[in-house]
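*Asks:* model the structure of this input:
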Amino acid sequence: MAGFARLMNWLRRLRRIGRHKAGAGLLVLLAFAPLLTMAAANGGRPALAAAARDCSDNSIDHKDLNGGCGAADPQELVADLKDNDPSDLQTIYADGRIGLPTAQYDNFAANAQMGEITRGGELKVDGQTVMTGVWTMGRTTLGGKQPTAITIGGKTYYHSPPSASFAGGVQSIPAMVLFDDQGTVQAAVLNPCGNPVTKGKKIKSSAVCKELLKTPVDGKENTFQFTTKVDLIGLAKVVKLEYFIDEGQGPQLFDTETNPSTPTPAHTFTKDATISVKVTIGVPGKKTRVIESEACKQQVTVKKPPTPTPTPTPTPKPQPQVLSATTPMPVTGPAALPGLFVGTSLAGTLAHRLYRTYRDRRRR
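*Replies:* Here you go, the predicted structure:
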């Protein structure tokens with residue numbers, strides 16, 4: 001960084017030389033271009049590695065402040081905006097088509113990413129095209145090459161595609177790009193001149209969790225594995241998938257995967273449960289989002305083994321009782337039958353004697 005600071009001082013000296021000896025200054029600048037590239041690779045300000053600052057009349061940020069015309073990085077651009085010199089900077093950037101009001105300055109300074117705008121109108125960050133059909137604005141018509149007017153804050157400016165505004169032979173110019181929480185471009189600004197992007201087709205990135213698939217494990221009752229079907233939109237990428245089991249006490253994490261088609265470990269359920277998955281996706285701007293949906297939930301109902309039906313014990317049929325000679329007579333009353341017979345014989349004997357006595361008296 002100290003070496004880069006020395007290079008920045010050289011650039012400032014070159015600008016002073018350029019006021020008197022423009023040709024010599026340009027030659028020195030070209031000689032230092034490889035060193036600037038090396039400084040960028042070692043953590044310096046990369047914007048100047050590919051393009052020098054542009055202080056022309058077409059530049060929106062054309063004042064030599066906070067390091068020079070344009071901005072080497074997001075922090076320098078925010079410093080220029082806070083100084084508001086030229087006096088229309090804040091008004092220009094706050095326009096809804098540009099998307100950088102004062103409330104977003106700190107966010108831009110902390111989170112804007114470095115990218116580039118190509119001559120073909122593509123805005124690229126980390127090699128990904130995040131916007132197509134890009135137009136940028138300036139203060140002049142560029143001699144008729146940029147004739148389309150755009151009015152901001154009651155003043156007229158001009159904008160055009162890069163094929164019109166870029167100098168001959170320039171294939172790309174570095175740019176600072178701020179993404180919203182969805183990973184979509186919010187604002188983009190060319191480094192050398194501060195000229196902002198005014199329109200283009202922003203590539204939106206997202207994902208949809210389509211289905212949570214439940215696969216039984218052969219030969220194992222109540223045992224399943226799970227995979228997920230995810231539809232990716234734009235530049236979104238799956239970062240991780242988190243699988244949860246809820247058996248009535250709230251979701252509990254039981255597996256994490258990085259590929260939707262990779263099955264979870266087999267899990268044997270002992271209780272009815274709800275399975276769900278959270279899909280974390282990465283989107284441009286080094287941001288992540290968590291995707292959930294009702295389609296990515298599964299109910300598991302535990303199958304219990306059938307309870308065997310007990311075999312009823314047959315009721316034995318009563319068998320008729322056969323009495324033998326030795327079988328004692330059953331008791332049929334309060335006294336035993338032998339006593340009954342004895343009582344009956346005694347009564348008969350007395351009755352017979354009374355009858356004989358009565359008969360004998362009649363004969364006399």
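*Asks:* any idea how far K286 lies from T258?
*Replies:* 18 Å (C-beta to C-beta, to the nearest Å). Placement of C-beta: from N, CA and C, glycine included.
*Asks:* pull the helix or strand with minimum mean pLDDT from the chain.
*Replies:* helix 22-41 (a mean of 36; mean pLDDT, DSSP states H and E).
*Asks:* I275 pairs with what?
*Replies:* Note on I275: beta-bridge partners by DSSP bridges are I245, Q298.
*Asks:* bridging residues for the most centrally placed residue in the chain?
*Replies:* What sits nearest the mean C-alpha location of the chain, by C-alpha atoms, centre = their mean, is V290, with 2.0 Å. V290 has the following beta-bridge partners by DSSP bridges: T280.
*Asks:* any chance you could map the strands in the stretch 101-250 of the chain?
*Replies:* With DSSP state E, counting those that start in this stretch as the criterion, the stretch 101-250 of the chain has strands at 113-118, 123-125, 128-138, 148-152, 155-160, 172-179, 185-190, 197-202, 206-216, 223-233, 237-246.
*Asks:* and for the stretch 251-364 of the chain?
*Replies:* Going by DSSP E, counting those that start in this stretch, the stretch 251-364 of the chain shows strands at 252-257, 267-268, 273-283, 287-291, 297-300.
*Asks:* could you list every helix and strand that the last one packs against?
*Replies:* Using 3 or more C-beta pairs under 8 Å, 6 or more residues apart in numbering; DSSP states H and E as the contact criterion, the secondary-structure elements in contact with strand 297-300 are strand 206-216, strand 273-283.
*Asks:* tell me the domain boundaries of the protein?
*Replies:* 1-44, 53-202, 206-300 (automatic domain parsing).
*Asks:* pick the most deeply packed of those domains.
*Replies:* Between the domains of the chain, domain 53-202 has the highest mean count of neighbours, a mean of 19, where neighbours are mean count of other C-beta atoms under 10 Å.
*Asks:* report the distance from that one to the chain centre.
*Replies:* 31 Å (C-alpha atoms, centre = their mean, to the nearest Å).
*Asks:* from the opening residue of it to its closing one, how far?
*Replies:* With C-alpha to C-alpha, to the nearest Å as the measure, domain 53-202 spans 27 Å from end to end.
*Asks:* mind putting the strands of the stretch 101-250 of the chain into CSV with mean pLDDT and distance to N58?
*Replies:* Putting the strands of the stretch 101-250 of the chain into CSV (pLDDT from 0 to 100; distance: least, C-beta to C-beta, whole Å) gives the following:
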stretch, mean pLDDT, distance to N58
strand 113-118, 97, 15
strand 123-125, 97, 19
strand 128-138, 97, 4
strand 148-152, 98, 13
strand 155-160, 98, 8
strand 172-179, 98, 13
strand 185-190, 98, 11
strand 197-202, 98, 14
strand 206-216, 97, 37
strand 223-233, 97, 37
strand 237-246, 98, 38
